[in-house]
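**Q** Please find the sequence and the predicted model below.
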Amino acid sequence: MTGVVHGLGFGCGGFTDYGDGAVEYRKTGEIMLAFKVNVADITGFTVRRPTRDDKKDLKASGLQQVFVVQGGGTELAAVAVNYGTAEKMEAWFRQHPSFGQRNRANAHPGPASGHPVANESTPGLVEQLVQLGQLRDSGVLTAEQFERAKAKLLG
């Protein structure tokens, strides 16, 4: 299956979009793909400084950032990128027609499901759990704080 390649600019790598929602990211000058995700599964992004594990696992340098793709309350992919690349990657994902489709389909269940319809001004349970996960992953919340907040949300 062939896809359409979308370059992100000099030194930023590029995406290959296969048209079925599957997208691959390759760094500049590398043959092996860095990650492959389904765009509809993505719910958010974080950017962080590389940890010791990132330096080992992702071959990140101290002069790079780690771009994390999140979905369903978990990390779908992580890649070490040069400064400025994370913003381009996030913008590309957000403009993709499939971005967040599964999240939107599940965010507002109808009355027949036994759940109240979510108010547009207040984030739904799924969004709140995703935000908590992002805060935990970025180091703002400890694991204990995350568990307490999650338990409070779930009742």
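**A** Received it, and whenever you're ready, just let me know what you need. Values in this document were obtained by computation on a predicted structure and should not be read as measured data. Numbers count the residues shown, from 1 in each chain.

**Q** quick one: Gly44 from Gly84, how far?
**A** Between Gly44 and Gly84 the distance, using CB to CB, to the nearest Å, works out to 20 Å. Backbone N, C-alpha and C define where each C-beta goes, glycine included.

**Q** When those two are compared, which one has more neighbours?
**A** Set Gly44 next to Gly84 and count neighbours by other CB atoms under 10 Å: Gly44 wins out with 20 against 12.

**Q** Quickly note the distance from that one to Gly73.
**A** Distance, Gly44 to Gly73, using CB to CB: 10 Å.

**Q** quick one: common contacting residues for those two?
**A** Residues touching both Gly44 and Gly73 by CB atoms under 8 Å, 6 or more residues apart in numbering: Val130.

**Q** Isn't Pro50 up against Phe67?
**A** No. Contact between Pro50 and Phe67 fails when scored by CB atoms under 8 Å: they sit 10.7 Å apart.

**Q** Now do the shared contacts for the two.
**A** Overlap between the neighbourhoods of Pro50 and Phe67 consists of Ala80, taking contacts as CB under 8 Å, 6+ apart.

**Q** the more surrounded of those two?
**A** Phe67 (24 against 20).

**Q** For that one, which non-adjacent residue is closest in space?
**A** The shortest distance from Phe67 to any residue other than its chain neighbours is 4.2 Å, reached at Ala86 (CB to CB, 6 or more residues apart in numbering).

**Q** Check Ala80 too.
**A** Nearest non-adjacent residue to Ala80 (CB to CB, 6+ apart): Ala60, at 3.3 Å.

**Q** So that neighbour lies in a helix, does it not?
**A** No. Counting by DSSP: H, G, I helix; E, B strand; the rest coil, Ala60 is not found in a helix; it is coil.

**Q** ok, now which ones touch it?
**A** Counting by CB under 8 Å, 6+ apart, Ala60 makes contact with 50, 54, 66, 80.

**Q** could you pull out the helices for this structure?
**A** Under the criterion DSSP state H, the chain contains helices at 52-57, 85-95, 101-107, 125-137, 143-154.

**Q** So what's the gap between the first one and the chain middle?
**A** If you compare the mean C-alpha spot of helix 52-57 with that of the full chain, they lie 19 Å apart, counting by CA atoms, centre = their mean, to the nearest Å.
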